[in-house]
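Student: Here is the input, now give the coordinates:
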Amino acid sequence: MRSSIFLTTLASLSLYSFASASSLDTSPVPIPANTTAVSPHPEHHLEKRTLCILGLCLGGSSYDSDVNNCGSRNNRCPTSWSNGGGAVCSAGVCGPSYCNSGFDFNWLSGTCQDVRSDSNNCGKCGQVCSVTNAASTTCISGQCYAKSCAPGFTLSSGTCTKTVDTTSDFNNCGALGNKCPSSFSNGFGSVCKNSVCQPTSCQSGYAFDYGSSSCRNLMSDASNCGTLGNVCAFPFGSGTCSSGVCKLTSCKSGYYNINGICTSLNLQTDVNNCGSVGNVCSYPNGVASCNNGGCSLTGCQSGYQLKTTAFLGLLFPQTSCAAVDTSSDEDNCGRIGNKCSFPNGDGNCYGGVCKYSACNRGFQLVNNVCTSMDLTSDMNNCGAVGNKCSFPLGSGTCSNSKCTYSSCKSPYALQSGSCTLVDLLSDENNCGTVGNVCPSSYSNGGRGYCLLGKCTSSCNSLFDFDVLLGFCRDVSSDNNNCGRCGQKCSLPGAAATTCKAGTCIATACNAGFTLQNGACTSVNLDSDVNNCGQLGKVCQFLPAGASGVCTKGQCQLTGCPSGFALTSGVCVKSTASQKARAKKSKITAPKSLCPSANEVACPIVGSSSYDQAVAQHFTSATEFSGVFAGEGGYECLDVTQALDSCGGCASTGEGQDCTKIRGAMSMGCESSKCVVYSCEAGWKPSLAGDKCVRVRSHSSSHNSTAKRHIAARHHLSHGSL
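Tutor: Below you'll find the predicted structure:
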């Protein structure tokens, strides 16, 4: 009894233990469609069960397949896998219960591996791609296919089969496995030729048809009559194939056998088959017709006409075509039935042509037709038929049966109804144009005459004939017609001209020219002593009696008067100053160069002796000798108030040109210093009053001009010596 209770209790506890364990299991995941179930681990072990009593488990534990205790206690397998899903425990290793299509679980890497194109894992992991007799393989969508075959084998749909010649192999004719039959109906033997099973030969009268793979009867088969494919055709009729020839046997109603072809014929009207096939209607020199199946004569050919004859004039009448003389018969002229007609005249048939012999009054024969015309005035038939008036020299009419000119073209003139050639270049009565008569005389001229087609005349002195206006024009003082008509008074280099006694005379010249005897002569600034270097610059050769030339626009002395010597291009007076100097106590004061004591001799810039004057200025500026005693080349300036040489000679760099002070509007020279009185807008006088400075502020002084209220002084300037 105790034993039974113990066992019952033990069983209950065991069931409770298993129930508790199962409640902890990971629920199995259903395998979706289009997936692959994972195969067990290759080292799969049988699961060992454990006996548990009162919460105590007896015996050894096994973790081979328990997804909640896989490989070790409480090691629960995951259900989420890349390219797979679910959970399974195999040989103590977790894995998915399935992999997606095209993938298989690799127990070594623990991943669902792509087995769609891997030749070493084709379709499933570890399955190496191999095809019988293949030289190389490929894996496509998990299936293994041959890429190339070993020698002697042929690639076909991914497999390798033994190579055979399907063009002649009896057992593989045209395709592998296609075995030829042992015999053919109406043929002898069997062979594979050009990939087609066929008899070695067909019986006489038969030919092998590749389309039906049979021997065809060429003697009686209407679809292969005589030769294969020759189909007998009988349009509008029927027939058979006999001895290999298509033969027409009958035609439909209205059609008849003409040379083996059913032809539509009307035996009632067909002149070539009148009443019966082949019955041709024919009449000598006539035109036949078929009516109701009977032949009849309806007309005659050219040169013939219908004629009826009868025995004794009454019996057995017959109609035939008799010859007609169409060369002279007016009712059949040229052809039967062509009756001649001659309107407005008369004629006959001659040579088969209707010809006029005469026309009525008022009509003329033109192109074998009597045509109404007036020969007295018809321009196309003037005086006679076909006489067409022509007026190449003008225009005219047909008058009294004669072609007569009424006007003439130039250079022809109308004389007695004809056009006569005239000389328009010299004919006084037809000068330039027909009928243009030159005047007998001209005012201020003589008799008129024709010259080169223009009326002209010999004019009096200082008159010239104006051919445009036709008179003798005064050309004595007209600037537009000076000396002769159309000759404008114009001279080279002249700025103004006048016409005197028919001659053009210059009264003023352009720059670069000089007026000489009524003409403008070009000035040579390089050599003209009156225009040396610039117009109007006259060379002055000092002292009196000196001579010189203009060379390259510069005045140069070439000779000096008595008592002077040419030295360095100037005439220098031979005086005691040129000798050895005496002691200062014995030297007489030299002649003063300038009249005022405040004036200084300043060299003139641009003068021919400027360089020598500058040299002497810095050695003996007040001595009347050397250059200063010769040509000069200086000017006397009061440098205490000279505006352009203030404080010294500006030409030597000693003084200042007050007019060149920047920004100055009015200025002066006071006590040898420049003074600014006012400045331009934007400038103002400096504190010292000697220059202008920019205004930098925007005050009211910016727009006003500062002024210095300094008494103005007069600038004294002296001319050149």
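
Student: Can you pull the poorly scored residue ranges out of this structure?
Tutor: 1-29, 43-61, 313, 574-593, 608, 616, 618-633, 697-721 (pLDDT under 70).

Student: okay, now the domains of it?
Tutor: Segmentation of the chain into domains, based on automatic domain parsing, reads 2-114, 119-163, 267-323, 326-372, 589-720.

Student: Please identify which of the ones you listed is closest to Gly545.
Tutor: domain 589-720 (12.3 Å; C-beta to C-beta). The way it works is simple: take the backbone N, C-alpha and C, and place the C-beta from them, glycine included.

Student: hmm, back to that, will you turn the domains of the chain into JSON lines that also has distance to Asn257?
Tutor: Listed next are those as JSON lines, based on distance: least, C-beta to C-beta, whole Å:
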{"stretch": "domain 2-114", "distance to Asn257": "77"}
{"stretch": "domain 119-163", "distance to Asn257": "60"}
{"stretch": "domain 267-323", "distance to Asn257": "8"}
{"stretch": "domain 326-372", "distance to Asn257": "40"}
{"stretch": "domain 589-720", "distance to Asn257": "130"}
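
Student: looking at those domains, which is closest to Asn387?
Tutor: Across the domains of the chain, closest to Asn387 is domain 326-372 (C-beta to C-beta), at 11.1 Å.

Student: Start and end of the closest one, how far apart?
Tutor: 30 Å (C-alpha to C-alpha, to the nearest Å).

Student: Check stretch 142-161 too.
Tutor: Terminal-residue distance, stretch 142-161 (C-alpha to C-alpha): 22 Å.

Student: In it, which residues are buried?
Tutor: 142, 144-146, 149, 153, 155, 160-161 (16 or more other C-beta atoms under 10 Å).

Student: now do stretch 332-351
Tutor: Here stretch 332-351 shows 332-334, 336, 338, 340, 342, 344, 347, 349 as buried, counting by 16+ other C-beta under 10 Å.

Student: Looking at those, which one is closest to Tyr610?
Tutor: Looking across the buried residues of stretch 332-351 and measuring by C-beta to C-beta, the closest to Tyr610 is Asn344, at 121.6 Å.

Student: Nearest spatial neighbour of that closest one, chain-adjacent residues omitted?
Tutor: Leaving aside its chain neighbours, Asn344 sits nearest to Cys370 (3.9 Å; criterion: C-beta to C-beta, 6 or more residues apart in numbering).

Student: Following the chain onward from the helix or strand where that neighbour lies, which element is next?
Tutor: Assessed by DSSP states H and E, Cys370 sits inside strand 369-372. Later in the chain than strand 369-372, the nearest helix or strand by DSSP H and E is strand 394-399.

Student: so what secondary structure elements neighbour that next one?
Tutor: With contacts taken as 3 or more C-beta pairs under 8 Å, 6 or more residues apart in numbering; DSSP states H and E, strand 394-399 sits against strand 402-408.

Student: Would you check which pair of the buried residues of stretch 332-351 lies furthest apart?
Tutor: Ile336 and Asn344 (26.7 Å).

Student: hang on, the earlier thing: so in that sheet, which strands flank the strand holding Cys370, and in what orientation?
Tutor: Here strand 369-372 has these sheet partners by DSSP bridges: strand 363-366 (antiparallel).

Student: Can you list the buried residues in the partner strand?
Tutor: By 16+ other C-beta under 10 Å, the buried positions in strand 363-366 come out as 363-365.

Student: and which of these is nearest to Thr308?
Tutor: Closest to Thr308, out of all of those and judged by C-beta to C-beta, is Leu365, at 40.8 Å.

Student: right, so of the domains of the chain, which gets closest to Met379?
Tutor: Closest approach to Met379 among those (C-beta to C-beta): domain 326-372, 14.5 Å.

Student: Backbone dihedrals for the closest residue to Ser72 other than its chain neighbours, both of them.
Tutor: Closest residue in space to Ser72, ignoring its immediate chain neighbours: Tyr63 at 5.8 Å, by C-beta to C-beta, 6+ apart. Note on Tyr63: backbone dihedrals following degrees, to the nearest 10 are phi -120, psi 30.

Student: residues in contact with Tyr63?
Tutor: 69-73, 75, 89, 92 (C-beta atoms under 8 Å, 6 or more residues apart in numbering).

Student: Can you show me the helices along this protein?
Tutor: 2-23, 610-620, 626-629 (DSSP state H).

Student: What's the local residue count around the nearest residue to Val366 once chain neighbours are set aside?
Tutor: Here the nearest residue to Val366 in space, its sequence neighbours aside, is Val385; by C-beta to C-beta, 6+ apart that works out to 5.9 Å. By other C-beta atoms under 10 Å, the residues close to Val385 number 15.

Student: so Val385 makes contact with Leu365?
Tutor: Yes. At 7.1 Å, Val385 counts as touching Leu365 under the criterion of C-beta atoms under 8 Å.

Student: All the strands of the stretch 251-400 of the chain, residue numbers only.
Tutor: 255-258, 261-264, 286-291, 294-300, 304-311, 315-323, 345-350, 353-359, 363-366, 369-372, 394-399 (DSSP state E, counting those that start in this stretch).

Student: What distance do you get for Phe184 to Leu228?
Tutor: 15 Å (C-beta to C-beta, to the nearest Å).

Student: Compare neighbour counts for these two and give me the winner.
Tutor: Neighbours per residue, other C-beta under 10 Å: of Phe184 and Leu228, the larger number sits with Phe184, 23 against 15.

Student: Now do the contacts for that one.
Tutor: For Phe184, the contact set (C-beta under 8 Å, 6+ apart) comprises 190, 198-199, 202, 214-215.

Student: Ile505: which of those is nearest?
Tutor: Nearest to Ile505 among the contacts of Phe184, with distances taken as C-beta to C-beta, is Gln198, at 129.1 Å.

Student: ok, what's across the strand from the closest residue in space to Tyr412 that isn't next to it in sequence?
Tutor: Among residues not flanking Tyr412 along the chain, Cys419 sits closest, at 3.9 Å (C-beta to C-beta, 6+ apart). Per DSSP bridges, the residues bridged to Cys419 are Leu414.

Student: what's the burial count for Cys419?
Tutor: So Cys419, with other C-beta under 10 Å, has 21 neighbours.

Student: So it sits against Thr404, correct?
Tutor: No. Counting by C-beta under 8 Å, Cys419 sits too far from Thr404 to count as a contact (10.9 Å).

Student: Now do the same contact list for the nearest residue to Leu557 once chain neighbours are set aside.
Tutor: What sits nearest to Leu557 in space, not counting adjacent residues and going by C-beta to C-beta, 6+ apart, is Gly548, at 4.4 Å. By C-beta under 8 Å, 6+ apart, the contact set of Gly548 is 529, 539, 541, 555-559.

Student: try Pro543
Tutor: Counted by C-beta under 8 Å, 6+ apart, Pro543 has contacts 560-561, 564, 571, 573, 630.

Student: now the contacts of Phe184 as JSON lines including distance to Asp478 and neighbour count?
Tutor: Conversion of the contacts of Phe184 to JSON lines gives the following (distance: C-beta to C-beta, whole Å; neighbours: other C-beta atoms under 10 Å):
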{"residue": "Ser190", "distance to Asp478": "132", "neighbour count": "17"}
{"residue": "Gln198", "distance to Asp478": "125", "neighbour count": "23"}
{"residue": "Pro199", "distance to Asp478": "129", "neighbour count": "23"}
{"residue": "Cys202", "distance to Asp478": "128", "neighbour count": "21"}
{"residue": "Ser214", "distance to Asp478": "126", "neighbour count": "17"}
{"residue": "Cys215", "distance to Asp478": "128", "neighbour count": "21"}
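
Student: Name the nearest of those residues relative to Ser223.
Tutor: Lowest distance from Ser223 to those (C-beta to C-beta) belongs to Ser214, with 12.7 Å.

Student: OK, contacts around that closest one?
Tutor: Ser214 touches 184-186, 208, counting by C-beta under 8 Å, 6+ apart.

Student: Please apply the same query to Cys349.
Tutor: Applying C-beta under 8 Å, 6+ apart to Cys349 gives the contacts 327-330, 333-334, 340, 355.
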